[in-house]
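In: give me a 3D structure for the following:
(12 chains)
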Number of protein chains: 12
Amino acid sequence: MSNHIYKKIELVGSSPNSIEEAVQNAISKASQSLRNLRWFEILETRGQIEDGRIAHWQVTIKVGFTLED
Amino acid sequence: MSNHIYKKIELVGSSPNSIEEAVQNAISKASQSLRNLRWFEILETRGQIEDGRIAHWQVTIKVGFTLED
Amino acid sequence: MSNHIYKKIELVGSSPNSIEEAVQNAISKASQSLRNLRWFEILETRGQIEDGRIAHWQVTIKVGFTLED
Amino acid sequence: MSNHIYKKIELVGSSPNSIEEAVQNAISKASQSLRNLRWFEILETRGQIEDGRIAHWQVTIKVGFTLED
Amino acid sequence: MSNHIYKKIELVGSSPNSIEEAVQNAISKASQSLRNLRWFEILETRGQIEDGRIAHWQVTIKVGFTLED
Amino acid sequence: MSNHIYKKIELVGSSPNSIEEAVQNAISKASQSLRNLRWFEILETRGQIEDGRIAHWQVTIKVGFTLED
Amino acid sequence: MSNHIYKKIELVGSSPNSIEEAVQNAISKASQSLRNLRWFEILETRGQIEDGRIAHWQVTIKVGFTLED
Amino acid sequence: MSNHIYKKIELVGSSPNSIEEAVQNAISKASQSLRNLRWFEILETRGQIEDGRIAHWQVTIKVGFTLED
Amino acid sequence: MSNHIYKKIELVGSSPNSIEEAVQNAISKASQSLRNLRWFEILETRGQIEDGRIAHWQVTIKVGFTLED
Amino acid sequence: MSNHIYKKIELVGSSPNSIEEAVQNAISKASQSLRNLRWFEILETRGQIEDGRIAHWQVTIKVGFTLED
Amino acid sequence: MSNHIYKKIELVGSSPNSIEEAVQNAISKASQSLRNLRWFEILETRGQIEDGRIAHWQVTIKVGFTLED
Amino acid sequence: MSNHIYKKIELVGSSPNSIEEAVQNAISKASQSLRNLRWFEILETRGQIEDGRIAHWQVTIKVGFTLED
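Out: The predicted structure is shown next:
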């Protein structure tokens, strides 16, 4: 992070398989409309249970991106 | 919350009457421009005092909504 | 709270109407199986939104009760 | 809040009826001895239970007031 | 989460392999005695080290389940 | 902590004499009904005052125990 | 705590001997000018070291007392 | 803050010189596209080091602005 | 901090220029009525924005002072 | 953890693949110079994004090790 | 604390008897290799249970010491 | 931050003049013995008061540096 201004937004990604995939899914969705995504931070990791099995990992992240000049 | 991606935004609603109404006012405002509002979380409850009476309840919330495909 | 031992459990109560009613609903449910409920503390206040209106208030509380001798 | 100095004090108000009334009760008491109360922030919401019913809401707040010149 | 009352309990699951497996192990154990497990939240992730290798992932979670009528 | 599953419960112990005794009192009570208590963590230390003297130390702890196979 | 209004103040007590004594010292000092002290909560425990020995325990507490009618 | 609805966004401003300048830089950038900026809160202050000197102050803030009718 | 009892109060100082000046302004005001101010801790840094410029820095501090014998 | 004294240090490990691998990489590095590593706790999980993909997982941990006699 | 630079390290001390002794044990160990220990802060108090009795108090502290010129 | 391992240490810097200078003083001291300092984070800002004036700013920071191969 150098001499720029960044904005951070909060997203919740989900995946049936892993925390990593849930984060990547949120970032992939955000990158459809935002350029210059630079970093993320995990805020919260939750999930839903069905029949004693983890059905969805739901990971809340903040994503930072450069505001362009 | 199933297999979707959500975004969360932070709002401050106000009401002269109650915490509940302040939250609803923020959600009503947000629903004018955003579809698919799904849930909220209260972050902070404050208010302003005039002549020893609560003049405004001011409630900060996060609101989650589905990012559409 | 005098010279007793207490246990605290965590509950989520819900209500379509108010935070206060959601807390009371959780306490009423707990008092069906636990005697000696003594106090509660609100941990988190959330809710679900349907069509731009608050559909359910969901309040997480801790409830303390006396462990009997 | 403009170019003033404020002091904040911590109070616990109670009410048999609601969170809002407990806050107002604390502010009413404080306004008997302090002028220039300006705002409050809720820190903690607790209550006492008697026979499975909420007997008292007890709300801890910080209250800010202007230190006069 | 609709118009129900939920209880949340705190568990620590462990696994030699991954965070995800440690969470699933805790949920599998809990589902032996509790029906209606609905969601979990990760509170803390720790682990034990032996000879410079992670021997056990130990993940503390809260698990929410419906209190039946 | 090895390859087991643990449950954590929250207790408040009290003692007129010391923090240590309040913790031990809570653990002694819990060990009447639960085997395999393994560790505790202090969450909060409070107390009641009578005539300018500490009448009771009240210590909130989490206690972890092994869920047996 | 029943239907009263309370004020909470923050004090730091010290003692060369123990946490408990540091808390009692702060309460004894406060009770010289304030009646109706009711409860305290420990916020922070620190101390000073001289020559590798603990010279002073310094315990920050909040003390609650009844505002009289 | 009166009877309005506000939105809060999170920004990271940077400056080689001071915390204050980093905050002002973030606000200046935001005010290019948003009217009615009203207040900010500092969340985190970090910076980058080059050759033992602070090269950039990086300050994360929340900025609140009025949602217009 | 040696073998004394201290009290801590919470103040909000403001300045159009800097965080440091806002803190000093709060301390200068407090020292008009309190002797023996010893230390302060910054709790929160906020500010107000007018026309895209920081109009006031508002810094919340705790100030500790010796209670005299 | 028995009757020993431990020291805890804070490390940031990174990996292009997973949270688990980032933690192991930090521990492997630390074990080159420190014997008796005993446990770790995850403090923060972040990462860097390049072209809409997670380029590096960066996990901050505390690692505890026995101070030898 | 005057015009010096300090370093803070994190230690876990243990004792079968009391919190105070666990802290002193950690400080005594640290003072074997570090001069100029100045203050400590308690971060966490835990312990291990054997047969329903507290076997070890384990107290995590930060210790500050002067970096010499 | 790319594919490296970092260590973070905690320092307290002081200055009679400003927060920025207190941070730089801590970093300058650390850079005498550590190469590769990369970033810092402010944890706490305190200070000492003499005769109603801020005598020293005392800023606690974490400093991250690369562990070399």
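In: residue ranges in chain A under the pLDDT threshold?
Out: Judged against pLDDT under 70, the low-scoring parts of chain A cover residues A:1-3, A:69.
In: quick check: A:K29 is in a strand.
Out: No. With DSSP: H, G, I helix; E, B strand; the rest coil as the criterion, A:K29 is helix rather than part of a strand.
In: OK, contacts around the residue in chain A that chain E sits nearest to?
Out: Scanning chain A for the residue nearest chain E gives A:G52, at 3.4 Å (criterion: Cβ to the nearest Cβ). The C-beta positions use only the backbone N, C-alpha and C, and glycine is treated the same way. Contacts of A:G52 were listed using Cβ atoms under 8 Å, 6 or more residues apart in numbering or on different chains, and they are E:I27, E:S28, E:S31, E:L37.
In: make CSV from the residues you listed and add neighbour count and distance to chain C to it.
Out: Conversion of these to CSV gives the following (neighbours: other Cβ atoms under 10 Å in any protein chain shown; distance: Cβ to the nearest Cβ, whole Å):
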residue, neighbour count, distance to chain C
E:I27, 22, 17
E:S28, 15, 21
E:S31, 17, 19
E:L37, 21, 14
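In: got TSV for the residues you listed, with distance to I:Q48 too?
Out: Shown next, in TSV, are those (distance: Cβ to Cβ, whole Å):
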residue	distance to I:Q48
E:I27	48
E:S28	53
E:S31	53
E:L37	48
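In: among the residues you listed, which one lies nearest to chain H?
Out: Sorting the contacts of A:G52 by distance to chain H puts E:I27 at the head of the list, at 33.2 Å, by Cβ to the nearest Cβ.
In: without its sequence neighbours, what residue ends up closest to that closest one?
Out: Across the structure, with Cβ to Cβ, 6 or more residues apart in numbering or on different chains as the measure, the residue nearest E:I27 apart from its sequence neighbours is A:I49 (6.0 Å).
In: tell me the first helix or strand C-terminal of the helix or strand that contains the one you found.
Out: A:I49 is part of strand A:37-50, with elements assigned from DSSP states H and E. Scanning forward in sequence from strand A:37-50, with DSSP H and E defining helices and strands, the next element found is strand A:53-66.
In: packing partners of that following strand?
Out: Other helices and strands packing on strand A:53-66, by 3 or more Cβ pairs under 8 Å, 6 or more residues apart in numbering or on different chains; DSSP states H and E, are strand A:6-15, helix A:19-30, strand A:37-50, helix E:19-30.
In: for chain A, identify the residue most remote from the centre.
Out: Each residue of chain A has a distance to the centre, and by Cα atoms, centre = their mean the biggest one is for A:D51: 26.7 Å.
In: buried stuff in stretch A:9-21?
Out: Of the residues in stretch A:9-21, those buried under the neighbour-count criterion (16 or more other Cβ atoms under 10 Å in any protein chain shown) are A:I9, A:E10, A:L11, A:V12, A:G13, A:S14, A:S15, A:S18, A:I19, A:E20.
In: the first one contacts B:K7, doesn't it?
Out: Yes. With contact taken as Cβ atoms under 8 Å, A:I9 and B:K7 are classed as touching, separated by 6.6 Å.
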